[in-house]
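> build me a model:
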Amino acid sequence: MFLNQLRPALISLLTLTLLTGVAYPLLVTGIAQLVFPAQANGSLILHNGQPRGSTLIGQPFDDPAYFWGRLSATGTFAYNAFNAETLTASSGSNLGPLNQALIGPDGAVATRIAALQAADPQAQPPFPVDLVTASGSGLDPHISPAAAAYQVRRVALARSLDAEQVRQLVAQNTSGRTLGLLGEPRVNVLELNLALDAITP
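Numbers count the residues shown, from 1 in each chain. As a prediction, this is how the structure comes out:
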């Protein structure tokens, strides 16, 4: 009796394992590679044939000669990949917009404004909100066109470029709303910085 039940159970287990654990993943992977190969492989940004990052994941930039991205609650500047020694990772702060840790005289926003002014002493308010507040995940690869425009003078001075040339580069790397309706215009920071390096290494 027991053996009569064991055999169909084992056959069912093997069949379902092959279907759901082998055939289905292979089928989905194959379709993804055929239809969306770039996205299926991580939406990588290639520079001279080498991967430099992903269009979906922000990277930290703090050199004045580069555009800076969205901030992370785990670091002063943009996304910090996890490091067991420094305990950095993607994270939100879970602080409300009126929390004194953010808006107090020694809060995070004041610290970020001070960093912007130290990098560009001529910087004047208003400061773009996405340069002084952290993103929800710390992974945002984009900034607003206003945040990019705010940094044009600093980057142009650091690279000895004409500001108008840098503005044109920002415009070339600005994406509009998805399908003309969804989201807001945005600038991919890594792609913009790679374009900068292409004209002034």
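
> mind picking out the helix or strand in the chain with the poorest mean pLDDT?
Taking mean pLDDT, DSSP states H and E as the measure, the helix or strand of the chain with the lowest value is helix 100-103, at a mean of 75.

> list the buried ones in it?
Residues of helix 100-103 classed as buried: Leu102 (neighbour count, 16 or more other CB atoms under 10 Å). Glycine gets a C-beta too; all of them are placed from N, C-alpha and C.

> against which helices or strands is that helix packed?
helix 108-119 (3 or more CB pairs under 8 Å, 6 or more residues apart in numbering; DSSP states H and E).

> sorry, back to before: contacts for the least confident helix or strand of the chain, please.
Helix 100-103 has contacts (CB atoms under 8 Å, 6 or more residues apart in numbering) with 93, 95, 97, 107-110, 133.

> do stretch 176-183 as well
By CB under 8 Å, 6+ apart, the surrounding residues in contact with stretch 176-183 are 184-185.

> first to last residue in it, what's the distance?
Distance across stretch 176-183, first residue to last, is 8 Å (CA to CA, to the nearest Å).

> the least confident helix or strand of the chain: how far from the chain's middle?
For helix 100-103, the separation from the chain centroid amounts to 24 Å (computed by CA atoms, centre = their mean, to the nearest Å).

> please save the CA atoms from it in CSV.
Coordinates of the C-alpha atoms in helix 100-103 are reproduced here as CSV (Å, rounded to 0.1, in the frame of the first residue of the first chain):
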residue,chain,number,x,y,z
GLN,A,100,14.6,68.0,13.8
ALA,A,101,17.3,65.5,12.7
LEU,A,102,16.4,66.7,9.1
ILE,A,103,15.5,70.3,9.4
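
> what's the domain layout of this protein?
Per the record's domain assignment (automatic domain parsing), the chain is made up of the domains 2-38, 43-199.

> can you say which of these is packed in most?
Ranked by mean neighbour count under mean count of other CB atoms under 10 Å, these are led by domain 43-199, which reaches a mean of 16.

> now do the SS call for Pro51.
strand (DSSP: H, G, I helix; E, B strand; the rest coil).
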